[in-house]
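Undergrad: Quick one, what's the 3D model for this:
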Amino acid sequence: MWELYDALIDSVASGEKIERAVSGRIWTAVETANLTGVAMTTEGESMIPMYPGGVEGLTLREAAVCAKSWNLVEAGFGMAAVNACCNTAGRMDELGCSEPYDNYCTRGLDFTGMTVGLVGHLKMPSGTLDAAEQVYILERHPKPGDYPDSACEYILPGCDAVLITGSSLVNKTLPRLLELCRDAYVILTGPTVPLCPALLDFGIDRLAGMCVTDRDGAWDHAAGGRDGPPFRYGRTFLLGRDLA
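TA: Numbers count the residues shown, from 1 in each chain. Prediction:
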């Protein structure tokens with residue numbers, strides 16, 4: 001279960017220290033002198049944190065280990081630290097994976113006749129899944145028409161394609177979700193997704209996320225508890241095993 005997280009943490013080489021960190025109502029952010037990373041805030045503080053004094057003053061590498069924390073608020077800081085290091089415009093340009101937001105996770109895919117699972121409420125261009133035979137939305141906090149996340153065990157093994165929210169890294173459900181999706185085409189998507197090619201070795205076909213370019217805007221969005229994803233404050237990327 002932890003191999004995926006170990007690979008993720010190993011990708012963080014930055015020794016920059018976190019100068020400030022915030023767990024907002026929806027988004028968590030960490031900031032160093034030069035870098036900003038975001039991740040979805042996840043409720044759950046029943047466990048003692050790894051760093052009771054918080055992550056401010058830690059290096060990004062030190063804080064990245066918090067991605068393993070069972071204090072899920074702290075785990076959000078860990079993923080934000082990972083993303084501060086990995087999700088940079090320079091890294092995105094080096095990997096050649098910049099992708100316009102309008103099709104940043106589904107470019108070139110045809111879902112005609114497919115059974116598609118969406119783990120989380122995911123933002124996609126209108127009409128993307130119109131030709132799918134069946135679409136299941138599975139959610140921890142379901143809205144009318146959604147399946148509860150416990151239905152993943154029953155539904156995902158029968159899906160042809162599955163799109164999974166990056167927040168599954170924070171709440172630790174991703175390794176099991178990938179086991180359930182071993183026969184499906186899998187996209188990990190959203191602002192919490194790290195630009196970490198090593199994740200493609202764990203049954204993920206595509207990584208679709210964002211790199212923060214407007215640091216002040218991303219910080220204010222998280223600290224202010226604003227609704228909606230922070231895509232406007234960065235550039236989106238798409239990295240995949242099947243992409244040139």
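Undergrad: CA only for contacts and neighbour counts going forward, please
TA: Fine.
Undergrad: give me the low-pLDDT residue ranges for the chain?
TA: When the per-residue scores of the chain are filtered using pLDDT under 70, the ranges that remain are 244.
Undergrad: how close does Pro142 get to Cys105?
TA: In this structure, Pro142 and Cys105 are separated by 23 Å, where distance is defined by CA to CA, to the nearest Å.
Undergrad: out of the two, which sits in the busier spot?
TA: Here Pro142 and Cys105 are set side by side on neighbour count (other CA atoms under 10 Å), and the busier one is Cys105, at 27 against 14.
Undergrad: Wait, the more buried one touches Ile187, no?
TA: Yes. Taking CA atoms under 8 Å as the definition, Cys105 is a contact partner of Ile187 at 7.3 Å.
Undergrad: what sits in contact with each of those two?
TA: When CA atoms under 8 Å, 6 or more residues apart in numbering defines a contact, the residues bordering Cys105 and Ile187 alike are 206-208.
Undergrad: mind listing which of these are in strands?
TA: Counted as lying in strands by DSSP state E, out of these, are 206-208.
Undergrad: now the residues you listed in CSV, with distance to Val30?
TA: Below are these laid out as CSV (distance: CA to CA, whole Å):
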residue, distance to Val30
Arg206, 25
Leu207, 21
Ala208, 20
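Undergrad: filter those to the buried ones?
TA: Neighbour counting by 16 or more other CA atoms under 10 Å classes 206-208 among these as buried.
Undergrad: Quick one: residues contacting Cys196.
TA: Listed by CA under 8 Å, 6+ apart, the contact partners of Cys196 are 8, 11, 86.
Undergrad: Distance-wise, check it relative to Asp6.
TA: The span separating Cys196 from Asp6 equals 12 Å under the rule CA to CA.
Undergrad: who touches both of these two?
TA: With CA under 8 Å, 6+ apart, Cys196 and Asp6 have no common neighbours.
Undergrad: same for the helix ranked longest in the chain, what does it pack against?
TA: For the chain, the helix with the greatest residue count under DSSP state H is helix 72-86. With contacts defined as 3 or more CA pairs under 8 Å, 6 or more residues apart in numbering; DSSP states H and E, the secondary structure elements packing on helix 72-86 are strand 20-23, strand 27-31, strand 36-40, helix 60-64.
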